[in-house]
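[1] structure for this input, please:
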Amino acid sequence: MAIVYYDGDCGYCNRAVMWLIGHKISSRFQFAQLEGEYGKNLANVRPDLKNIDSIVVVDGKDVYIKSDAVIHLLKNIKNYQLLGWSLKFVPRFIRNAGYDLFAKIRHSLQFKNECKLPTIEERKYFLD
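    Residues are numbered from 1 along each chain as shown. Next up, the predicted model:
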């Protein structure tokens, strides 16, 4: 099982999680808020990730953060694999600079219906 840790207080992040689920990301991926119990456990197990303000994907022994996490997720969604592989050719420092820039403004983005509750089917993807 792979776990995607995300900022549960971020409307954009919540919408991104629902987008991933809606695009049929593999059922082996589950989602947990960084602020939840699983997120706290991640910080205990991996102290180097304690103050990380980024999406974190733990897939087996591999840990992906920032743009590497996004690429890993895209490569696991049908019809988005090519985009994921293509982004790998952009140097990480450029990808992460773009990621960091977006991360700074994400809380100011306004969305309609940003607090959509997951359906019963969608809830199976969430750990907490």
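
[2] ranges for the helices of the protein?
    11-22, 37-45, 66-74, 81-87, 92-105, 120-123 (DSSP state H).

[3] distance of the residue minimising distance to the centre of the chain from T119?
    Most central in the chain under CA atoms, centre = their mean is I55, positioned 4.4 Å from the mean C-alpha point. Counting by CB to CB, to the nearest Å, the gap from I55 to T119 is 23 Å. Any C-beta I mention is one placed from the backbone N, CA and C, and that applies to glycine too.

[4] same question for S54.
    To T119, S54 is 27 Å away according to CB to CB.

[5] of the two, who's got more company?
    Taking neighbours as other CB atoms under 10 Å, S54 and T119 compare with S54 leading, 20 against 10.

[6] got a list of what that one touches?
    By CB atoms under 8 Å, 6 or more residues apart in numbering, the contact set of S54 is 65-66, 69, 99, 103.

[7] for the helices of the chain, which one ends up most surrounded?
    Most buried of those, by mean neighbour count (mean count of other CB atoms under 10 Å): helix 66-74, with a mean of 21.

[8] identify all contacting residues around that helix.
    4, 20, 25, 29, 54-57, 59, 64, 80-81, 83-84, 87-88, 92, 95-96, 98-100.

[9] where in this structure is pLDDT low?
    109-116 (pLDDT under 70).

[10] surely I55 meets Y5?
    Yes. Between I55 and Y5 there is a contact at 6.9 Å, judged by CB atoms under 8 Å.

[11] quickly note the distance from F89 to K104.
    Separation of F89 from K104 (CB to CB) stands at 25 Å.

[12] same deal with I71?
    From I71 to K104 the distance is 20 Å (CB to CB).

[13] circling back to that earlier point, tell me which of the contacts of S54 is nearest to K40?
    K40 has its nearest neighbour among these in I65, at 17.4 Å by CB to CB.

[14] how about the closest one, what does it touch?
    Contact analysis of I65 by CB under 8 Å, 6+ apart lists 49, 52, 54-57.
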